[in-house]
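S.K.: Structure for this input, please:
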Amino acid sequence: MMRITETVKHLLIINVIFFAGAQFVGGGELFYDLFALYFPENEAFKPWQIVTHMFMHGGLMHLVFNMFALWMFGSSVEARLGRNKFLFVYFSAGLGAILFQVGFNYIDYTVIVNNLVISGFTESGILEMITTNKVSNSVSPEQLSGLQNAFSIYNGSMVGASGCIMGILVAFGMLNPNAELMMLFLPIPIKAKYFIPGIILLDVISAFSGQSFFSPSNTAYLAHVGGAVIGFVIMWYWKNNRFNSFRIN
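M.R.: Modelled structure (predicted):
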């Protein structure tokens with residue numbers, strides 16, 4: 001078993017510290033209000049949440065699974081790439097997760113609001129309904145469904161290192177395509193070059209069908225996909241850029 005590398009160790013410690021803070025400081029609400037990533041239109045959104053939400057987790061099992069994956073794959077990737085490139089992949093994948101998940105939510109939210117404006121509602125009136133969850137009597141069942149979706153987007157928050165770790169998982173797969181991996185509940189060895197794309201495909205299906213396979217139903221599946229895509233793009237560029245000092249054998 002590979003010795004845990006320094007950067008991975010420090011990331012594990014930071015994640016645990018944030019989780020402890022969320023449990024014991026201000027009843028948890030203070031940490032989540034400050035450090036979870038809120039929808040950009042929500043007044044609770046703060047710029048630093050773009051980074052801090054990557055160290056927040058929704059519960060103990062969420063933390064355990066993410067840190068287990070970071071420990072399992074991160075040290076191998078850091079050993080091959082070095083600290084700086086490892087961190088570049090890690091945080092770039094986290095930003096990719098935001099780009100995909102928040103970007104998709106923003107498009108969905110904008111379409112809902114625009115449709116309601118066309119129907120005769122004012123933007124201020126729509127915002128009041130979304131923030132207070134009190135709906136006008138003139139709202140049709142179809143408009144109510146849209147408002148409920150907009151309410152969830154506007155008031156929801158995003159936490160977790162999953163996007164970062166998906167980027168690292170893809171990096172691991174590209175560095176070790178023939179490494180054999182197994183799911184805990186399916187002890188059949190599958191090569192990384194098949195296993196990892198399969199996991200990503202399931203996230204894509206879940207994102208657009210709402211069907212959850214292995215994760216809780218409130219998982220930000222597009223964040224997983226975004227982290228994986230950015231991880232792939234970075235590793236592909238490093239592999240194919242002949243002017244870069246890093247080469248993948």
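
S.K.: gap between the longest helix anywhere in the chain and the chain center?
M.R.: In the chain, assigned by DSSP state H, the helix with the most residues is helix 83-118. Remark: helix 83-118 is offset 9 Å from the chain centroid, using CA atoms, centre = their mean, to the nearest Å.

S.K.: Likewise for stretch 117-127?
M.R.: Taking mean C-alpha positions (CA atoms, centre = their mean), stretch 117-127 and its chain are 31 Å apart.

S.K.: buried residues in it?
M.R.: The neighbour-count check on stretch 117-127 (16 or more other CB atoms under 10 Å) flags 121, 126 as buried. Using the backbone N, CA and C atoms, a C-beta is placed for each residue, glycine as well.

S.K.: what stretches of this protein score poorly on pLDDT?
M.R.: 1-2, 26-28, 182-187, 210-218, 242-249 (pLDDT under 70).

S.K.: Can you show me the helices along it?
M.R.: Under DSSP H, the chain gives helices at 6-24, 29-35, 49-52, 60-81, 83-118, 123-132, 141-155, 162-175, 192-209, 221-240.

S.K.: okay if I get these as TSV plus distance to residue 181?
M.R.: Below are the helices of the chain laid out as TSV (distance: least, CB to CB, whole Å):
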stretch	distance to residue 181
helix 6-24	18
helix 29-35	32
helix 49-52	29
helix 60-81	9
helix 83-118	19
helix 123-132	43
helix 141-155	34
helix 162-175	9
helix 192-209	5
helix 221-240	15
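
S.K.: Quick one: closest of the ones you listed to residue 42.
M.R.: Of all the helices of the chain, it is helix 141-155 that lies closest to residue 42, at 5.7 Å by CB to CB.

S.K.: Export that closest one to CSV, keeping only CA atoms.
M.R.: C-alpha atoms of helix 141-155 as CSV (Å, rounded to 0.1, in the frame of the first residue of the first chain):
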residue,chain,number,x,y,z
PRO,A,141,-50.3,24.1,-11.6
GLU,A,142,-47.6,24.2,-14.3
GLN,A,143,-46.3,27.6,-13.0
LEU,A,144,-46.4,26.2,-9.5
SER,A,145,-44.1,23.3,-10.5
GLY,A,146,-41.7,25.8,-12.1
LEU,A,147,-41.8,28.0,-8.9
GLN,A,148,-41.0,24.9,-6.8
ASN,A,149,-38.0,24.1,-8.9
ALA,A,150,-36.8,27.7,-8.8
PHE,A,151,-37.3,27.8,-5.0
SER,A,152,-35.1,24.7,-4.6
ILE,A,153,-32.4,26.2,-6.8
TYR,A,154,-32.5,29.6,-5.2
ASN,A,155,-32.5,28.4,-1.6
